[in-house]
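Visitor: Build me a model from this:
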Amino acid sequence: MSKKYDVVIKSKSMGHGEDDEVLLEKLMVGFLHTLAGRENLPEHIIMYGSGVLLSCTGSDSIEDLKVLEEKGVKVLSCGICLDYYEIKDELKVGGVTTMAEVVEIMTTSDKVIIP
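Guide: Presented below is the predicted three-dimensional model:
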């Protein structure tokens, strides 16, 4: 896979429906852990909605997101969402992004992955 790609995480869990929420959250933790071990990494990981919780205090994904950031992935959390959840001061990895930046990244990406 030589194309550049970006990952957009819109929830703290992977999947939806009638599955157990704990299971869905574990799937997202597993996704980020597996992604951190890959050679072909995304240019950006954009988190919005409850996905911003993954980059904040108490998340099981902080270390994997730090590894991704150390490998050059730009980790971004939606500022509107951080404000909504009142957790902007709990951000532990990455930076805060704007909707303008999110739109720019998503519309110029070769591929957007939404787990």
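Visitor: And the helices in the chain?
Guide: In the chain, the helices defined using DSSP state H lie at 21-36, 62-70, 79-84, 99-108.
Visitor: so which of those comes closest to Ile9?
Guide: Closest to Ile9 of the helices of the chain is helix 21-36 (CB to CB; 7.3 Å). All C-beta spots, glycine's among them, are computed from the backbone N, C-alpha and C.
Visitor: Give the buried residues for that closest one.
Guide: For helix 21-36, burial by neighbour count (16 or more other CB atoms under 10 Å) applies to 24-25, 28-29, 31-32, 35-36.
Visitor: between these, which is nearest Pro115?
Guide: Using CB to CB, Phe31 comes nearest to Pro115 of the buried residues of helix 21-36, at 4.9 Å.
Visitor: so who does that closest one touch?
Guide: 14, 115 (CB atoms under 8 Å, 6 or more residues apart in numbering).
Visitor: I'd like the distance from it to Val103, if you could.
Guide: 24 Å (CB to CB, to the nearest Å).
Visitor: So for Lys92, which of the helices of the chain sits nearest?
Guide: For these, proximity to Lys92 was assessed by CB to CB; helix 62-70 is nearest, at 5.1 Å.
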